[in-house]
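Colleague: dropping the sequence and predicted coords here.
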Amino acid sequence: MAAQVSEKTVFRVAFVPMALLALSTVYPIVFALNAALKTRRDYVLNRFGLTEEFTLQNFIQAWSQAKLGDYFVTSVVVTAGAVACLLLLASLAGFGFAVLRFRGRRILFYLLLAALMIPVQVILVPFYQTMIALDLVNRRIGLIIAYTAFFTPFSVYLMTAFYASLPRSLAEAAAMDGANLWQIWRMVFLPMGKPALFTLGILNTLYCWNDLLIALLVLQKDRTLMVGVASLRGEYTTNVPLLAAGVILAAVPVIAVYLFFQRRIVSGLTVGAVKG
């Protein structure tokens with residue numbers, strides 16, 4: 001009885017902060033959606049009240065007049081290219097760090113981990129100077145390369161952890177059957193690494209899609225969707241319903257991906273946590 005009372009008490013105590021946390025997460029989405037369905041006049045007169053006359057004009061204007069449709073295509077191309085490069089590099093490097101034994105392996109891996117602790121803001125100036133020197137500014141391939149460089153450390157770390165959790169006897173058995181390193185990676189480890197690669201692809205898609213700072217530096221003409229949404233803010237005044245519509249359009253793909261693959265994302269974050 002005491003154990004039951006204790007469990008009920010813990011549940012009641014935890015319910016309040018968890019409910020407040022859920023409310024703080026859901027409310028901005030509801031507010032943005034409600035504002036996006038209002039006219040500018042209705043928003044000024046009643047900012048927090050529910051809209052009485054729904055209108056989709058803000059979404060149409062944001063998609064066409066604000067060129068969010070063009071920016072959407074740019075985001076898709078850049079994100080798809082960067083994620084493909086990241087998955088290939090992470091799988092190859094993770095296989096090398098986890099399976100191969102070569103001099104300096106630990107040092108290289110620790111340097112890779114150290115790169116995770118460097119804030120992006122610290123290296124913005126040399127990064128931008130390098131992009132200018134390589135003539136990669138205002139080019140989609142430049143942003144793809146930038147995303148690949150910035151998100152490679154985490155991607156390699158995740159794949160190394162996953163491959164290290166697999167039995168090393170798999171590589172030894174394949175080598176005894178006459179397979180070379182390329183065949184061992186392609187025919188043994190790559191198929192077994194699909195769950196981790198799938199999760200890594202989802203995470204990197206979210207990172208690349210939501211990025212604003214790197215995209216703002218590299219693509220100053222052919223903008224990504226997030227940069228286009230940020231440009232809807234005026235210098236002195238802002239059409240909040242239009243901005244809210246842009247935010248909703250940009251967030252819908254991300255929310256859909258997360259809701260559809262949330263179990264894979266959570267399980268993928270723990271791959272390699274326990275070896276054997």
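Modeller: Received the coordinates, thanks.
Colleague: so where is this protein shaky, pLDDT-wise?
Modeller: 1-12, 234-237, 264-276 (pLDDT under 70).
Colleague: from the contact counts, what lies against the stretch of helix or strand residue 204 belongs to?
Modeller: Using DSSP states H and E, residue 204 falls within helix 194-210. If contacts are counted by 3 or more Cβ pairs under 8 Å, 6 or more residues apart in numbering; DSSP states H and E, helix 194-210 sits against helix 68-99, helix 140-165, helix 225-230, helix 240-268. Backbone N, C-alpha and C define where each C-beta goes, glycine included.
Colleague: out of those helices, the one nearest residue 202 is which?
Modeller: Checking the helices and strands packed on helix 194-210 against residue 202 by Cβ to Cβ gives helix 240-268 as the closest, at 5.1 Å.
Colleague: mind listing what's buried in the closest one?
Modeller: Under the neighbour-count criterion of 16 or more other Cβ atoms under 10 Å, helix 240-268 has 240-251, 253, 261, 264-265, 268 buried.
Colleague: residue 208: what's it in contact with?
Modeller: 78-79, 82-83, 147, 151 (Cβ atoms under 8 Å, 6 or more residues apart in numbering).
Colleague: how much space between residue 195 and residue 254?
Modeller: Distance, residue 195 to residue 254, using Cβ to Cβ, to the nearest Å: 21 Å.
Colleague: ok, which of the helices and strands packed on helix 194-210 comes nearest residue 40?
Modeller: Residue 40 lies closest to helix 240-268 among the helices and strands packed on helix 194-210, at 5.6 Å (Cβ to Cβ).
Colleague: now the closest one against helix 194-210, angle please.
Modeller: Per axes from the mean of the first three to the mean of the last three Cα atoms, to 10 degrees, the angle that helix 240-268 makes with helix 194-210 is 160 degrees.
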